[in-house]
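[1] What follows is a predicted protein model with its sequence.
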Amino acid sequence: MPSADLVIHSADMLVTMRGHSDSPARREGMAEIGLIENGAVVLREGQIVAVGSTEDILAEGWVGPYTVQINAQGKVVTPGFVDPHTHVIYAGSRENELSLKLKGVPYMETLQQGGGIHATVRDTRLASDAEVKAQTRSRLKTMLSHGTTTAEVKSGYGLTVEEELRMLRLIKELNLEQDLDLVPTFMGAHAVPSGYTEDEYTDYVVEDMLPQVASQGLAEFCDVFCEPGVFSVQSSERILSKAKELNLKLKIHADELESAGGAELGAKLEAVSADHLLQASVEGIAALAEQGVIAVLLPANSFNLAKNSYARARAMIEAGVPVAVATDCNPGSSPTESMPFVLTLACLYLHLTPEEALTAATINAAHAVGRAAQAGSLEVGKQGDILVLNVPNLDYLPYHFGNNPVDVVIKNGRIVWRV
Ligand SMILES: N=CN[C@@H](CCC(=O)O)C(=O)O
Ligand SMILES: [Zn+2]
């Protein structure tokens, strides 16, 4: 047998997430994390070639003279986190919105007065390609150091054909230039820019943007901010239907601030995920479950909007909706790169157990970005995307918050970050 490039062994707990790669975990399945005590995982040429107990793995003779070994005694080993909802590509920042929020100005009012997303659109358009990439690269590095090894990235701070294509091209370049795998989503329908009515801009997205995005093969998914005052259910349906016709997979920002039928639309159009969902109706939740649409929940966004309002994750899980969690990393509603922080919020405010939260941040998140065949679990044949966490058990991970629990990040079988 050829010897391994890397063996991680003696992990107090090795979380494999096995058995959920064909379809996302639902209901009680979300608590089935495939735990191996005193576990080990073996990597060769970037891939996982064996997973099991340390005793078995060491007896199998994987360790040769050139094998790098990591002793994970006293630690927990998990799949790399998959962050399935980010707006991480942009220039500038919006710390000015903190004082507005403290004065009680709602998020939507800031947006409608030309701030919010529009402010980031202005900053991003003014920044050179090199500036946008440098600022984004730095955030991606923070994400990686906090354990994210795959992330979805949305365009949406361009809002013209040229600027949206530029964002998607820069995502493609960044994907090749740094360690995280990036999954590109076109979100030209992120806000209606000034000078357009909603209908005029919807026409522009459908007739001009989408055909060019699709023909250049720059995006895998299309997303829409479906929210009263931004894109109505009717406009969202026009955009997502056109995207589907052009073979893009679908996501939808649904029922974030108001219950308006966004979840129902996601289910009707067979979206891969519906995201936010704070105000999703009972019927909307049932429709997501029926269609198998993944609910991507964003508790850091809820935390940051400081309205004490979170998505009803337990009702979703009970109804059979597969749940994933994400940072929603963006300069306004969720300025964080940290999946460990999201895990804490998922437990405390979405009321997930640590096991369910970890499922939501790994294999279910991988399904939400179309990467479940490669990422999200520690199974033979998958990419070697692995975390060694400096925590003694699973409960400790969400319990000890506000700092970075990640000891080692392995991406495609290579150590890419280490304390
Ligand atoms: N809700 C719409 N889009 C982002 C916010 C983007 C921004 O505020 O810049 C979100 O998912 O939270
Ligand atoms: Zn978003």
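    Alright, I've got the coordinates. This one's a predicted model, so the numbers in the text were calculated from it and none came from an experiment. Numbers count the residues shown, from 1 in each chain. Ligands and ions are numbered 1, 2, ... in the order given.
[2] Close to ligand 1: what parts of the stretch 251-400 of the chain are there?
    With CB under 6 Å from any ligand atom as the criterion, the stretch 251-400 of the chain meets ligand 1 at residues 253, 256, 301, 328, 330, 331, 332, 333, 334. From N, CA and C alone the C-beta is placed, and that goes for glycine too.
[3] what's the closest of those to residue 379?
    Within those, distances to residue 379 taken as CB to CB reach their minimum at residue 328, with 28.0 Å.
[4] Can you give me every residue that contacts the closest one?
    Residue 328 makes contact with 85, 86, 87, 275, 298, 300, 301, 334 under the criterion CB atoms under 8 Å, 6 or more residues apart in numbering.
[5] Could you pull up the residues touching the closest residue to ligand 1 within the stretch 301-419 of the chain?
    Of the stretch 301-419 of the chain, the residue with the smallest distance to ligand 1, taken as CB to the nearest ligand atom, is residue 332 at 2.7 Å. Neighbour list for residue 332: 94, 97, 107, 110, 116, 117, 120 [criterion: CB under 8 Å, 6+ apart].
[6] which SS class is residue 12?
    Classification of residue 12 by DSSP: H, G, I helix; E, B strand; the rest coil places it in strand.
[7] correct me, but it touches residue 72?
    Yes. Taking CB atoms under 8 Å as the contact criterion, residue 12 and residue 72 are neighbours in contact, 7.5 Å apart.
[8] Of those two, which one has the most company?
    Relative neighbour count places residue 72 above the other of residue 12 and residue 72, with 26 against 17, counting by other CB atoms under 10 Å.
[9] mind listing what the nearest residue to the more buried one once chain neighbours are set aside touches?
    The shortest distance from residue 72 to any residue that is not its chain neighbour, by CB to CB, 6 or more residues apart in numbering, is 3.9 Å, and that residue is residue 11. If a contact means CB under 8 Å, 6+ apart, then residue 11 has 36, 38, 39, 40, 54, 72, 73, 75, 76, 77, 388 as its contacts.
[10] And residue 161, by the same measure?
    Under the criterion of CB under 8 Å, 6+ apart, the contact list for residue 161 reads 204, 208, 209, 212.
[11] wait, isn't the first one in contact with residue 197?
    No. Between residue 204 and residue 197 there is no contact under CB under 8 Å: 10.6 Å.
[12] who's more crowded, those two?
    Set side by side, residue 204 and residue 197 show more neighbours around residue 204, with 19 against 9, by other CB under 10 Å.
[13] in a helix, that's where that one is, yeah?
    Yes. Per three-state DSSP, residue 204 lies within a helix segment.
[14] For residue 198, see how far away it is.
    11 Å (CB to CB, to the nearest Å).
[15] where's the residue most central in space within the chain relative to ligand 1, distance?
    In the chain, the centroid-proximal residue (CA atoms, centre = their mean) is residue 84; its distance is 1.8 Å. Going from residue 84 to ligand 1 by CB to the nearest ligand atom, to the nearest Å gives 12 Å.
[16] Okay, that residue and residue 303: tell me how far apart.
    Distance from residue 84 to residue 303, counting by CB to CB: 18 Å.
[17] Tell me the buried residues within the contacts of residue 11.
    If you count burial by 16 or more other CB atoms under 10 Å, the buried members of the contacts of residue 11 come out as 36, 39, 40, 54, 72, 75, 76, 77, 388.
[18] Contacts only, for residue 6.
    Neighbour list for residue 6: 42, 43, 67, 68, 69, 70, 384, 410, 413, 415 [criterion: CB under 8 Å, 6+ apart].
[19] Share the number of residues neighbouring the residue in the stretch 51-200 of the chain that ligand 1 sits nearest to, please.
    When distances are taken as CB to the nearest ligand atom, the stretch 51-200 of the chain reaches nearest to ligand 1 at residue 117, 4.5 Å away. Applying the criterion other CB under 10 Å, we find 26 residues in the vicinity of residue 117.
[20] Chain neighbours aside, what residue packs nearest to it?
    Distance criterion CB to CB, 6+ apart; nearest residue to residue 117, sequence neighbours excluded, is residue 191 at 4.4 Å.
[21] One more: residue 167?
    Per CB to CB, 6+ apart, closest to residue 167 is residue 155, 3.8 Å.
[22] looking at it, the one you found is touching residue 219, isn't it?
    Yes. Residue 155 is in contact with residue 219 according to CB under 8 Å; the separation is 7.4 Å.
[23] joint contacts of these two?
    Here residue 155 and residue 219 have 168, 184, 185, 186 as joint contacts, going by CB under 8 Å, 6+ apart.
[24] May I have the phi/psi pair for the second one?
    Dihedral angles of residue 184 (phi, psi; degrees, to the nearest 10) stand at phi -80, psi 130.
[25] The third one now?
    Note on residue 185: backbone dihedrals following degrees, to the nearest 10 are phi -120, psi 130.
[26] how about the strands of the stretch 301-419 of the chain, start to end?
    Taking DSSP state E, counting those that start in this stretch as the criterion, the stretch 301-419 of the chain carries its strands at 323-325, 386-389, 406-411, 414-418.
[27] residues in contact with the nearest residue to residue 116 once chain neighbours are set aside?
    The shortest distance from residue 116 to any residue that is not its chain neighbour, by CB to CB, 6+ apart, is 4.5 Å, and that residue is residue 110. For residue 110, the residues meeting the contact criterion (CB under 8 Å, 6+ apart) are 97, 100, 116, 332.
[28] Could I get the pLDDT score of residue 303?
    The pLDDT attached to residue 303 in the predicted structure is 97.
[29] so who does it touch?
    The contact partners of residue 303, by CB under 8 Å, 6+ apart, come to 345, 349.
[30] Next one: it from residue 100, what distance?
    Applying CB to CB, the value for residue 303 to residue 100 is 17 Å.
[31] just residue 350 next, same as before
    With the distance defined as CB to CB, residue 350 ends up 26 Å from residue 100.
[32] who has more neighbours, those two?
    Regarding residue 350 and residue 100, a neighbour count based on other CB under 10 Å identifies residue 350 as having more, with 24 against 17.
[33] Now for the residue lying closest to that one once chain neighbours are set aside, how many residues are close by?
    Spatially, and ignoring its direct neighbours in sequence, residue 350 is nearest to residue 313 (3.8 Å; CB to CB, 6+ apart). Neighbouring residues of residue 313 were enumerated by other CB under 10 Å; the total is 23.
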